[in-house]
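In: Fold the following, please.
(one chain, ligands or ions: 1)
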Amino acid sequence: MSSMRSTPYIHIYSRSDDVTGSCSLVTAYLSNKKTIRFLVDCGAFQGQKDNQNLLNESVPFNTEKIDFVLVTHTHLDHVGLLPLLVKQGYNKNIFMSFPTYNLIDIPLRDAYKINSKCTDTAIYDQEDLYKTFSLMVGVPFNKMLKPMKGISVIFKKNGHLVGASSIEVIIHDPSGEDIKLLFTGDYKEKNVFFDIEKVQLEDDSSYPYSAIICESTYGDVDSTDSMFYPCILENINKALWNGKNVISPTFGIGKTQEVLYLLKCGQKRNLFPKNTNFYLVGGIAQEATKRFQYTDLGIKSEMKNFIPQNFYMLKGHQTSQDIIKLFDDSKPNVIIGPSGMADAGGIRKFVQKAISRDDILIQLTGYCDPSSIATKLLNTPIGSNMLIAGKPITKRCQVEISKEISLHAKRDELKKMLEGKNTNSILITHGEAKVREKFREYLLLNNICSQIEILNSDFVFEIDSSGIRDVFPSSF
Ligand SMILES: [Zn+2]
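Out: Okay, here's the model as predicted:
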């Protein structure tokens, strides 16, 4: 049936139904009967979904038919299943920006370590991991890449994270009709660590995108919302001067370094007692922090020194006694590290030991899954019990949350970005299902584009140069 349709066109399918498991398969049908297939990202599913293990066990594609893979950035929900793809037979190029190339081994090695600890559920082995590394190619920003005949790709820097890219893909059909796509990836306009140069590319806006595939993490909230008001420094300032220690769960790559920079700024403004010590726990966070300082990731030279004074990396395993000793230390301490939801990583044990103490502030810094320890901490009143590993612990610690350090654009910022582009259609992805709906309504209301649909695992969209022309249930 497909061959009866006028060519060229593409089919696009996405595995993701929320904010994890980012992975889009694009199949291009050309007028010369050729077919080109590529993936944008191949991420792991995270959180507490019922079918999560199943989703992370295999990738539902015929890997031999995929011609190339593009990677937007190095977070595991975008790259975590690359080794699985390779295990399933994929053996061609995996393209990414140079900074992403210089960071990507950190999360993948860590994921492998965690994965291989539970041997009966290990989904790929070390050989698959190393083979994955060998297929990776780092490419410059804003340069035309030709992964194969008839395809142009441009990685455009975006502020979500060091190395993060929005990716433009142009499929050149022999008939002269092109299909032009933009994958925003996880998107933010700016980043404290690097500048985003305004680069005028030759054929940039000469003709519209056929479709923009746009993230929607904060598609239901404006940047002016009170949840983004800066209060972290104020909270830590009060706590330290009141004789408390501070624990701040963060995410290892990107968020941790932004929190460290914020602390450095607070220190410069004399907000903390002079003898405050700053500790970083967690292997991923420590390694990423060193790379931010010393590896070529395109970070501004004045931002390479983002570390506060009196800063220490706590290496290796911390025993309960080590942790309590630090808490009882006469000096004020700020301890930061992953995971941001306090469920895993180096910070988990510190949080568990802190719950019953009234001399500690736990400052959360971002999104918390409803089932996470962080959410339990927020929802349990002081003096009430919370269950940790089956044991009741009375909560006495202070808990605060702020989303002031956010790696994603809010809906008004996404709207501004989309307004500056000429596109025939928009497909909304990477957001909670309800948020995708709200973001769609918001964009339609603001007349951003007449064709706006939600991309999720239920449907495949058919797109030609003029936009969406059909949609049907996915067979994956
Ligand atoms: Zn991300």
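In: Now do the contacts for Leu30.
Out: Thr7, Pro8, Ile36, Gly150, Ile171, Asp173, Pro174 (C-beta atoms under 8 Å, 6 or more residues apart in numbering). Using the backbone N, CA and C atoms, a C-beta is placed for each residue, glycine as well.
In: Name the nearest of those relative to the ion.
Out: Comparing the contacts of Leu30 against the ion with C-beta to the ion places Ile171 closest, at 25.7 Å.
In: Okay, and the beta partners of the closest one?
Out: With beta bridges defined as DSSP bridges, Ile171 has these partners: Ile151, Ile179.
In: distance of it from Ile393?
Out: 56 Å (C-beta to C-beta, to the nearest Å).
In: Neighbour count for these two, which is higher?
Out: More neighbours surround Ile171 than the other of Ile171 and Ile393, with 23 against 15 (other C-beta atoms under 10 Å).
In: Touching, the more buried one and Val153? I think so.
Out: No. Applying C-beta atoms under 8 Å, one finds Ile171 not in contact with Val153, separated by 10.1 Å.
In: Which residues are in contact with each of these two?
Out: By C-beta under 8 Å, 6+ apart, no residue touches both Ile171 and Val153.
In: How about stretch 142-150, which residues are buried there?
Out: For stretch 142-150, a neighbour-count test (16 or more other C-beta atoms under 10 Å) marks Leu145, Pro147, Gly150 as buried.
In: Of those, which is the nearest to Asn32?
Out: Gly150 (9.1 Å; C-beta to C-beta).
In: nearest spatial neighbour of the closest one, skipping sequence neighbours?
Out: Using C-beta to C-beta, 6 or more residues apart in numbering and skipping residues adjacent in sequence, the residue nearest Gly150 is His172, 4.8 Å away.
In: how about low-confidence regions in the stretch 51-200 of the chain?
Out: Along the stretch 51-200 of the chain, segments meeting pLDDT under 70 span 118-122, 199-200.
In: Name the residues of it found near the ion, please.
Out: Residues of the stretch 51-200 of the chain found near the ion (C-beta under 5 Å from the ion) are His75, Asp186.
In: If you count neighbours, what's buried in stretch 222-237?
Out: Phe228, Ile232, Leu233, Asn235, Ile236, Asn237.
In: residue contacts, the residue nearest to Gly150?
Out: Gly150, Ile151, Ser152, Asp178.
In: And it, how close does it get to Ala211?
Out: Distance, His172 to Ala211, by C-beta to C-beta: 16 Å.
In: go on, Leu182?
Out: For Leu182, the distance to Ala211 equals 8 Å [C-beta to C-beta].
In: overlap in contacts of those two?
Out: By C-beta under 8 Å, 6+ apart, the residues touching both Leu182 and Ala211 are Thr423.
In: my guess is Gln46 meets Thr20, correct?
Out: Yes. Using C-beta under 8 Å, Gln46 is in contact with Thr20, at 4.3 Å.
In: If you count surrounding residues, which of the two has more?
Out: Taking neighbours as other C-beta under 10 Å, Gln46 and Thr20 compare with Thr20 leading, 23 against 18.
In: burial of the closest residue to the ion within the stretch 101-250 of the chain, as a residue count?
Out: Closest residue of the stretch 101-250 of the chain to the ion, C-beta to the ion: Asp186 (3.6 Å). Neighbours of Asp186 under the rule other C-beta under 10 Å: 26.
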